[in-house]
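sequence unknown, structure follows:
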């Protein structure tokens, strides 16, 4: 039976600092009738990702800001339950960008069919999806990691960081070091095969990184910015490379945080720091899927997720993500019975 | 007549902050007899360059630090006055790295013959030498400037910066903006053909850069670091590039200066910041000499120098350089009568 309405999470106010539940509103809205070429999708899973915090500010960026009193958007996996498109059939499982709602309506071209037999559905939001390609492209293309490199990644227990470290090992890094925000996460990261890991909340990053990589590092994959970035610059060796992927340490700052005071080291050491967005690297999708799919089948790549139930809890999942409550990919299950 | 001794400038103490005359000592030392394969060179000109400040600190860097109570080193042009090498003859004019002294002794391989008819000798220390290649390689290879780019360069009245801006125009930049440290320098820079220039001491760099490039910049050639770098990051457009060449604003700081607080903009804007040293770009020497030599012959490239007389005044020339007293290349003439 076709639903007449859908719940959606709207942005009720622009967060100051760390978002609060009051910045979000769960609203029920009528669903429009389908136009020609459109599909109706029941969302099964949705993703919360750190980059969404930036879209909650009203500043120009690489994606337009979320609008007040409008539904948020983000990666989701759902099932086609009505179709007025020749290219999609009822029952198709699709990946798309209209998360944060129970039902999504849109032109079929905005939905990409995925194979539910090939991998768990949540993998398409994680290891086989945007976070996976982010890790792969950032490490191998942006930071140009090569065999024998010493690699450091922050946020190493997160969706991206945990893959960066594992891919680095699989691609021949000589040593992989991760930082994470608790002793349990450090244990988890070591269990993934990282050579060393530390809890950045216990001691200054600079000191712990020096202990973990006394001869320095060649690549830093930055998910957090702040003192991690400064410490990494201090440890980078000649021709070292930094992939600037995220700066979660600053996302909720209301004042501009200090920049790395040692950036001038980049001159003598010929360092390259490069910011990137996964969307610029879609040309790697084929080789990425081949590599990562193969490693998954061979059991050589592990991924974790932290799951929260129910659309009404999506804001809490997002706020928790920004505070590091997740290990691996943070997923919100919207329709548990289908899974 | 062969001299028996040579004056040389030694490092008497490691400078704290801005060097003072007391950090240097002018010392007369006996000259050794030549070994087989060596030459004796009377220096005519020597160079003082900002990078030398870093070598006065006792920290590991891309070149070893200067040693206390030893002669300093640096680019120089001289005349062979005695030779025990088949490859060098008396009267040859040579470029080499044993500046800061009246006479230099060394293996002939450390001296490179230059053509005194092709260009004024000081050009081999400037536009046709290390500063010239620095500008050329940094702009075209490190920052990968392309036709139509908007280019900003700091230290625009200096030996490197003045060439960066002119080369940018010659290579098709749509707009070139320079910053310098006085109204007179700004006039000079505008006279070189820059589209805009400003005195960074008058107003915040951020504001002046925004006024000069309201639609943003594509390339920033950084000679100074500090607030210039932060302002440039703020103005860089999508896929913008920074060549990190120098950080003269920090060379005399005894505390680590603040880093750019807006570095996280590099993510969404896909910026690349790359440090470089001219020595890594010797593969460009052929095309550099062809391009720059051609522009000089055609009168399309201008260069200036500030000249100080006498080895005894070389420390003052160097200290003045760090305070921006030069326009164009700072040169010390050691043997005026030859020129």
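Looks like it came in fine. None of these values were measured; they are calculated from a predicted model.

and residue A:297, how many neighbours does it have?
11 (other Cβ atoms under 10 Å in any protein chain shown). (Each C-beta comes from the backbone N, C-alpha and C, glycine too.)

cool, residue A:22 as well?
For residue A:22, using other Cβ under 10 Å, the count is 10.

where does the stretch 1-150 of chain A have low pLDDT?
The model of the stretch 1-150 of chain A has pLDDT under 70 over residues A:1.

looking at it, which residue is nearest chain B?
Closest approach between the stretch 1-150 of chain A and chain B, counting by Cβ to the nearest Cβ: residue A:62, at 4.1 Å.

what strand or helix carries that residue?
Applying DSSP states H and E as the criterion places residue A:62 outside every helix and strand.

right, and it touches residue B:271 too?
No. Using Cβ atoms under 8 Å, residue A:62 is not in contact with residue B:271, being 11.6 Å away.

circling back to that earlier point, what's the burial count for the residue of the stretch 1-150 of chain A closest to chain B?
If you count neighbours by other Cβ under 10 Å, residue A:62 ends up with 16.

for the residue in the stretch 201-339 of chain A positioned nearest to chain B, name its beta-bridge partners.
Residue nearest to chain B within the stretch 201-339 of chain A (Cβ to the nearest Cβ): residue A:259, separated by 3.0 Å. Legend: beta-bridge partners of residue A:259 under DSSP bridges are residue B:259.

that one: what's it in contact with?
With contact set as Cβ atoms under 8 Å, 6 or more residues apart in numbering or on different chains, residue A:259 has these partners: B:230, B:258-263.

enumerate the residues of chain A near chain B.
A:54, A:61-62, A:225, A:229-230, A:244-247, A:250, A:256-277, A:280 (Cβ under 8 Å from any Cβ of the partner chain).

pull out the buried members of these.
A:54, A:62, A:225, A:229-230, A:244-247, A:250, A:257, A:259-277 (16 or more other Cβ atoms under 10 Å in any protein chain shown).

could you pull up phi and psi at residue A:191?
Dihedral pair for residue A:191: phi -70, psi -20, per degrees, to the nearest 10.

now the strands for the stretch 151-300 of chain A?
Here the stretch 151-300 of chain A has its strands, by DSSP state E, counting those that start in this stretch, at A:175-180, A:196-199, A:217-222, A:236-244, A:272-275.

the residue positioned nearest the centre of chain A: what secondary structure?
What sits nearest the mean C-alpha location of chain A, by Cα atoms, centre = their mean, is residue A:131, with 4.3 Å. Under DSSP: H, G, I helix; E, B strand; the rest coil, residue A:131 falls in the helix class.

starting at the chain centroid, how far to the helix or strand where residue A:43 lies?
According to DSSP H and E, residue A:43 maps onto strand A:38-47. Chain-centre distance of strand A:38-47: 19 Å, with Cα atoms, centre = their mean, to the nearest Å.

contacting residues for the nearest residue to the residue of the stretch 1-150 of chain A closest to chain B once chain neighbours are set aside?
Distances taken as Cβ to Cβ, 6 or more residues apart in numbering or on different chains place residue B:268 nearest to residue A:62, at 4.1 Å, with adjacent residues excluded. By Cβ under 8 Å, 6+ apart, the contact list for residue B:268 reads A:54, A:61-62, A:275, A:277.

got it, and residue A:109?
A:37, A:87.

how far away is it from residue A:45?
Distance of residue A:109 to residue A:45, given as Cβ to Cβ, to the nearest Å: 21 Å.

circling back: the closest residue to the residue nearest to the centre of chain A other than its chain neighbours: how many residues sit nearby?
Leaving out its chain neighbours, the residue that sits closest to residue A:131 by Cβ to Cβ, 6+ apart is residue A:159, at 4.0 Å. Applying other Cβ under 10 Å, we find 31 residues neighbouring residue A:159.

kindly report the same for residue A:127.
Going by other Cβ under 10 Å, the residues that sit close to residue A:127 add up to 29.

that one and residue A:303 touch, don't they?
Yes. In terms of Cβ under 8 Å, residue A:127 counts as a neighbour of residue A:303; the distance is 4.2 Å.
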